[in-house]
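[1] got a predicted structure plus its sequence, pasted below:
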Amino acid sequence: MNKTYDVAVIGGGPGGLMAAYRIAQNDPSLSVVLFEKGHALSDRVCPLVSKKVDKCIKCRSCAIMEGMAGAGAFSDGKYVISTEYGGWLTDFLAPETVINYIEQADAILVSFGATTERFMPNNELKKLCIQNDLHMSQAQLKHLGTDANFETMLHLIDSLQGKVDIRTDTCVTDVDRHTHQISFTSGGQADTVSADKILFAVGRVGSGFFSDWCQKNDIPLENNQVDVGVRVELPSMIWEDFSRKIYEPKIWYRSKKYGDVTRMFCFNERGHVVTENTAGILTVNGHSYRDEARKTQNSNFALLSTTRFTQPFNAPIEYARHVAKLANMVSGGSVLVQRLGDLEAGRRTDEKRLRDSTTKPTLNAVAGDLSLCMPKRQLDNIIETLHALDKIAPGTANHDTLLYGIECKYYSARPAADDFELTGCPGIYALGDGAGFTRSLSQASANGLYIADKISAKNNFCLSHK
């Protein structure tokens, strides 16, 4: 391993990989190192998903959440070709520039095997939502699939061999903003390298590390939003009128009781509910495969209530983690599942009631009572929204609809930056979900390509600022 590089990328998720790929493409003479805290992609095997265990055993490195290709490697691989949602790059770049880079990233993924099939917006479904006081965001959308996306990312990573020095199972512990010296540990040994340009592409798992680093280096941060809620599971036929036409119904609703926004997203047609481990706290998410043999009879989606905190509170991520930790405590170190009918009746779901459910769970979660760990306001919003959604997809608010908790979406603290270069840190950049600029595979990938073009010796693409 060299001691000095032209470019160092911290994080091997979609943004970091796209940045490394484009830099190597633009100028092969540049030396590039990529650090990834987790395992190589081929070594990322979750014992729960592979059915070697029946509950999460809290591996030191969660194969679902971290490793090469990032958390997106095990998502169901939705690729959003729009600026209507998926991040905030249009706060910094012209919309046409963002779309251009999203399309460039898609072309790269297609070259490594990703599907070309696109779901298109549907105004009839949008009209149906509006008629029922629901609001649907629209976009061109690709479903890469949990299985197919894994293979695509393997091919992308393989293409970097010999061009980028990839260091997996390597934890960056510090970056000196003045000398650009990067401190890290690998195999129990501490070491350092330096780089002319440094890119923080740490993803959501690394957002805490990045926030701490910014605070230590007096870089202002902005973050006041968090989403807390549940993963909803129900028979797939209930939402198939939407999923067959647009794949993902991405719908938000403003509650009548509090005026809060609750949103439905991350839809997984005939998918699986899964457990995620972030720093020892278990939450839930969803996967969906392209392989017909791996599909289920259920669909699932996230239903999260948005809270925007005001002064003096400034720890929204810690708040969400605390709620999730309560669910882990109540469930005896796991995640909870409850039937909607039991929740509304004010009783817990026990094992017998869960066995009697007509909706059979795809995750081995602990039957229990979400009201013991989720704040009343968010729970009220979720119940009200389920009944609103029932008007456009009857059956959504059935007694046996399953609710898993807790699901959280942390919006990483956004650092002060000029064109993604951190304030007071020449040559040090931040990108993607971990820096609070994006919240999707497509925008994180676009962000990585944009910064790569910005810092590479050959600028072959137009960089248009707002």
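    Okay, I see it. Numbers count the residues shown, from 1 in each chain.
[2] residue 415 and residue 179, how far apart?
    Separation of residue 415 from residue 179 (C-beta to C-beta, to the nearest Å) stands at 20 Å. Placement of C-beta: from N, CA and C, glycine included.
[3] what does residue 323 give?
    40 Å.
[4] comparing these two, which residue is more hemmed in?
    Taking other C-beta atoms under 10 Å, residue 323 and residue 179 do not tie; residue 323 has more neighbours (20 against 9).
[5] may I see the buried residues of the host helix or strand of the more buried one?
    Assigned by DSSP states H and E, residue 323 belongs to helix 316-330. Within helix 316-330, the residues that qualify as buried are 316, 317, 319, 320, 321, 323, 324, 325, 326, 327, 328, 330, counting by 16 or more other C-beta atoms under 10 Å.
[6] so what touches it?
    207-208, 223-228, 278-279, 281-283, 307, 309, 313, 334-336, 368-370, 372-375, 405-406, 408-413 (C-beta atoms under 8 Å, 6 or more residues apart in numbering).
[7] list the contacts for residue 260?
    Applying C-beta under 8 Å, 6+ apart, one finds that residue 260 lies in contact with 254, 305, 306, 307, 377, 381.
[8] next one: the nearest residue to the fifth one once chain neighbours are set aside from residue 118, what distance?
    With C-beta to C-beta, 6 or more residues apart in numbering as the measure, residue 258 is the residue that lies nearest to residue 377, at 6.1 Å, once sequence neighbours are left out. In this view, residue 258 and residue 118 are 37 Å apart by C-beta to C-beta.
[9] what of residue 426?
    Distance of residue 426 to residue 118, computed by C-beta to C-beta: 40 Å.
[10] helix or strand with the lowest mean pLDDT in this protein?
    Lowest mean confidence among the helices and strands of the chain (mean pLDDT, DSSP states H and E): strand 221-222, at a mean of 88.
[11] send the alpha carbons of the following helix or strand past that strand over as PDB?
    As assigned by DSSP H and E, the chain's next helix or strand after strand 221-222 is strand 225-235. The C-alpha trace of strand 225-235 is given here as PDB (Å, rounded to 0.1, in the frame of the first residue of the first chain):
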ATOM      1  CA  GLN A 225     -35.500  16.200  10.900                       C
ATOM      2  CA  VAL A 226     -36.100  12.500  11.600                       C
ATOM      3  CA  ASP A 227     -38.700   9.900  10.400                       C
ATOM      4  CA  VAL A 228     -39.900   7.300  12.900                       C
ATOM      5  CA  GLY A 229     -42.500   4.700  12.100                       C
ATOM      6  CA  VAL A 230     -43.200   1.100  11.100                       C
ATOM      7  CA  ARG A 231     -42.800  -1.400   8.300                       C
ATOM      8  CA  VAL A 232     -46.300  -2.400   7.000                       C
ATOM      9  CA  GLU A 233     -46.800  -5.900   5.600                       C
ATOM     10  CA  LEU A 234     -50.000  -7.100   3.900                       C
ATOM     11  CA  PRO A 235     -51.200  -9.400   1.000                       C
END
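[12] tell me which residues in the helix of greatest length in the chain are buried?
    The longest helix of the chain (DSSP state H) is helix 95-111. Within helix 95-111, the residues that count as buried by 16+ other C-beta under 10 Å are 97, 98, 99, 100, 101, 102, 104, 105, 106, 108, 109.
[13] strands of the stretch 201-350 of the chain, start to end?
    221-222, 225-235, 250-254, 261-268, 272-278, 281-287, 298-308, 336-339 (DSSP state E, counting those that start in this stretch).
[14] in what helix or strand does the residue of the chain positioned farthest from its centre lie?
    Within the chain, residue 352 marks the point farthest from the mean C-alpha position, 33.9 Å out by C-alpha atoms, centre = their mean. Using DSSP H and E, residue 352 sits in helix 351-356.
[15] packing partners for that helix?
    strand 336-339, strand 366-367 (3 or more C-beta pairs under 8 Å, 6 or more residues apart in numbering; DSSP states H and E).
[16] and the next helix or strand past the shortest one?
    The first helix or strand that comes after strand 366-367 along the chain, using DSSP H and E, is helix 376-389.
[17] circling back to that earlier point, could you redo the buried residues of helix 316-330 as TSV and give each row pLDDT and distance to residue 348?
    Output for the buried residues of helix 316-330, formatted as TSV (pLDDT from 0 to 100; distance: C-beta to C-beta, whole Å):
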residue	pLDDT	distance to residue 348
316	81	28
317	80	28
319	89	24
320	89	23
321	89	23
323	94	18
324	94	18
325	95	19
326	96	15
327	96	13
328	96	16
330	95	10
